[in-house]
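K.L.:
no letters, just coordinates:
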């Protein structure tokens, strides 16, 4: 137990500077806007006084250093400022109304990816070089090279418009989740299939597999009880790293399926030049990614006791 | 190179030829709008015909020509982004690996991790969102997210190569750091960089299309595959070809660069051959 706490402390020490840099980068974003962000947002017709008032309200008239200190104070207190469009909207609150939808979508995408990748990868690995392996490779290849903004509309065309099995867009129940989850999960499914395949091939050559077969276990038991236990360890790492890709991919998927999550909020806020809202969304996505990576790191250590504290 | 690598090379050469000579070989101008017969239903107006083999879009523009000009944008953005990010990455990676110590701790222990802690496309979206959408800002953003891959690779190579005897010999002969890096270390590290560049092209083409799809990249009326795919969504029911042709173009390009990257890796390093 103490051991785990030490690891946790060490990882946090390592992560803190990264969190500091991410917050700083996000803070600086509003200062790379060419011209005056407040004027951009209010439009050409705004008077000087309106611009000055809003700037004062947002604290953008303070020296850079004070703005930076204030930004940090806000972040630590869960206050990311207010929307430029509608100053009664608090950025943090707005983000948290959208956050569950994005996490739901990302987890659903992950589940889709894993439930395609493991059977497909195992089949390919067991029949290495045979027809089934080649078919799985082609499917994986198509998955990697088909971007969400092609796959998503294609599936809408097929399953929602032609066959009328699933809804086109929105978020009103389980059936609305299926197409977005598959769109988001497909590229990850492809990557994981390749990994599971090579893991299975590698593990099948190990001595313990021969032992398991010699003691009369069925091939199914050999694969699912022995090979996968070891073979999935590297796959878990990739899943953690790819969770960020899922979060970013969710931005495109949410746009395609009108999914009311953080991604859509980001793009809508970009289009309406609501800079504080965009900053908040980007910060939340980046922090979620950092936390997901931390969790993966722990899962990895729990799965493989051979990895010792460095 | 393996067979897929050769097929990939062929596809890429083809796309580059189309991209370079688009103004000469495209059957129509990508922005020219065809006048429709007023009474024809939308479905009939848009569908492929002899003079428009890929059909026309809702504004009456020839889809084939727009796909061809789209290749121009994709290749232009891809090549520029790969060149800029490889250049920055090589310099930072070599400095980090060659000097070691606190320099290395700053770059590889801190800076690389900061950039890797953003899902890459998110950082690009953030930059373009605040700088404003344009091709120049798109290239800038994609280069800013792209360089880390090259830097990490280069650092690893430099760490390996700098221990070799010929580097010690060059140093003993009085060669400057600059000369050692460029004349001795770099040529030994160039092979994995080429593989990375090929995979980087796939990534850049995909990112350009993604950002343009979101309205954050190439702006209309310039034709880009991402823009075309976004426009196509409103006409899925009546004109699926508006989705299929630019979609195929993106898929083929990304697949081809991945083939070439994997093929090169195997070819340059037979030890890594796929089992």
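P.N.:
Looks like it came in fine. Being a predicted model, the structure only gives us computed values, none of them experimental.
K.L.:
isn't residue B:113 right next to residue A:18, touching?
P.N.:
Yes: using C-beta atoms under 8 Å, residue B:113 makes contact with residue A:18 at a distance of 5.2 Å. Where you see a C-beta, it was placed from the backbone N, CA and C, and this is true even at glycine.
K.L.:
report how many residues lie close to residue A:51.
P.N.:
Other residues near residue A:51 number 16, with proximity taken as other C-beta atoms under 10 Å in any protein chain shown.
K.L.:
that one belongs to a strand?
P.N.:
No: per DSSP: H, G, I helix; E, B strand; the rest coil, residue A:51 lies outside any strand segment and is helix.
K.L.:
so how far is chain B from it?
P.N.:
18 Å (C-beta to the nearest C-beta, to the nearest Å).
K.L.:
chain center to stretch A:110-119, what's the gap?
P.N.:
Relative to the centre of its chain, stretch A:110-119 is centred 16 Å away, using C-alpha atoms, centre = their mean, to the nearest Å.
K.L.:
what residues sit buried inside it?
P.N.:
A:110, A:112, A:113, A:114, A:116, A:117, A:118 (16 or more other C-beta atoms under 10 Å in any protein chain shown).
K.L.:
now do the SS call for the second one.
P.N.:
When classified by three-state DSSP, residue A:112 comes out as helix.
K.L.:
against residue B:224, how distant is it?
P.N.:
Between residue A:112 and residue B:224 the computed distance is 29 Å (C-beta to C-beta, to the nearest Å).
K.L.:
same question for residue A:33.
P.N.:
24 Å.
K.L.:
the more surrounded of those two?
P.N.:
residue B:224 (28 against 18).
K.L.:
count of neighbours near the spatially closest residue to that one that is not a sequence neighbour?
P.N.:
Of all residues not flanking residue B:224 in the chain, residue B:218 sits nearest, at 3.8 Å (C-beta to C-beta, 6 or more residues apart in numbering or on different chains). Neighbours of residue B:218 under the rule other C-beta under 10 Å: 24.
K.L.:
how about the one 3 residues further on?
P.N.:
Here the number of neighbours of residue B:221 (other C-beta under 10 Å) works out to 12.
K.L.:
equivalent analysis for residue B:72, please.
P.N.:
A count of neighbours around residue B:72, defined by other C-beta under 10 Å, yields 22.
K.L.:
hmm, the helix or strand hosting it touching chain A?
P.N.:
Element membership for residue B:72, per DSSP states H and E: helix B:63-99. No: counting by C-beta under 8 Å from any C-beta of the partner chain, chain A has no neighbours in helix B:63-99; the shortest distance is 12.4 Å.
K.L.:
now check the following helix or strand past that helix, is it near chain A?
P.N.:
Beyond helix B:63-99 on the C-terminal side, the first helix or strand identified by DSSP H and E is helix B:101-104. No: using C-beta under 8 Å from any C-beta, helix B:101-104 stays clear of chain A, coming no nearer than 14.1 Å.
K.L.:
rounded mean pLDDT for helix B:101-104, please.
P.N.:
When pLDDT is averaged over helix B:101-104, the result is 88.
K.L.:
again with stretch A:231-238
P.N.:
79.
K.L.:
any idea how far residue A:200 is from residue A:219?
P.N.:
12 Å.
K.L.:
joint contacts of those two?
P.N.:
Counting by C-beta atoms under 8 Å, 6 or more residues apart in numbering or on different chains, the shared contacts of residue A:200 and residue A:219 are residue A:126.
K.L.:
near chain B, which residues of the stretch 51-200 of chain A are found?
P.N.:
For the stretch 51-200 of chain A, the residues in contact with chain B (C-beta under 8 Å from any C-beta) are A:128, A:141-142, A:144-147, A:149-150, A:153-154, A:156-157, A:161, A:198.
K.L.:
whichever of the residues you listed end up buried, select them in PyMOL.
P.N.:
Burial among those is assessed by 16+ other C-beta under 10 Å; the matching PyMOL selection reads:
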select buried, chain A and resi 141+144+145+146+147+149+150+153+154+156+157+198
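K.L.:
spatially central residue in chain A, please.
P.N.:
Centroid-nearest residue in chain A: residue A:247, 2.4 Å away (criterion: C-alpha atoms, centre = their mean).
K.L.:
just the pLDDT for the residue of chain B positioned farthest from its centre.
P.N.:
The centre of chain B is farthest from one residue, residue B:39, which by C-alpha atoms, centre = their mean lies 43.1 Å away. Note for residue B:39: predicted pLDDT of 71.
K.L.:
now it: how far from residue A:40?
P.N.:
From residue B:39 to residue A:40 the distance is 45 Å (C-beta to C-beta).
K.L.:
over to residue B:35: give its phi and psi.
P.N.:
phi -80, psi 130 (degrees, to the nearest 10).
K.L.:
what pLDDT does the residue nearest to it when sequence neighbours are not counted get?
P.N.:
Nearest non-adjacent residue to residue B:35, counting by C-beta to C-beta, 6+ apart: residue B:60, 6.8 Å away. For residue B:60, the pLDDT comes out at 75.
K.L.:
any weak-confidence spans in the chain?
P.N.:
No chain in the question, so chain A it is. A:1-2, A:305-310 (pLDDT under 70).
K.L.:
correction: the question concerned chain B.
P.N.:
Using pLDDT under 70, the flagged stretches of chain B are B:37-38, B:270-275.
K.L.:
mind listing the strands for it?
P.N.:
Here chain B has no strands by DSSP state E.
K.L.:
hey, where'd the helices end up in it?
P.N.:
In chain B, helices defined by DSSP state H lie at B:3-25, B:42-46, B:63-99, B:101-104, B:112-116, B:120-131, B:135-161, B:165-172, B:177-179, B:186-213, B:225-232, B:241-268, listed in chain order.
K.L.:
those helices: which one's closest to residue A:78?
P.N.:
When the helices of chain B are compared by C-beta to C-beta, helix B:120-131 sits nearest residue A:78, at 20.9 Å.
K.L.:
list the buried residues of that closest one.
P.N.:
Neighbour counts using 16+ other C-beta under 10 Å place B:120, B:121, B:122, B:123, B:124, B:125, B:126, B:127, B:128, B:129, B:130, B:131 of helix B:120-131 among the buried residues.
K.L.:
what of stretch B:172-186?
P.N.:
B:180, B:181, B:184, B:185, B:186.
K.L.:
please apply the same query to stretch A:77-97.
P.N.:
A:80, A:81, A:82, A:83, A:84, A:90, A:91, A:92, A:94, A:95.
K.L.:
which helix or strand contains the last one?
P.N.:
With elements taken from DSSP H and E, the one containing residue A:95 is helix A:91-126.
K.L.:
show me what that helix packs onto, helices and strands only.
P.N.:
Contacting helix A:91-126 under the criterion 3 or more C-beta pairs under 8 Å, 6 or more residues apart in numbering or on different chains; DSSP states H and E are the following elements: helix A:131-145, helix A:174-204, helix A:228-256, helix A:262-271, helix A:275-303.
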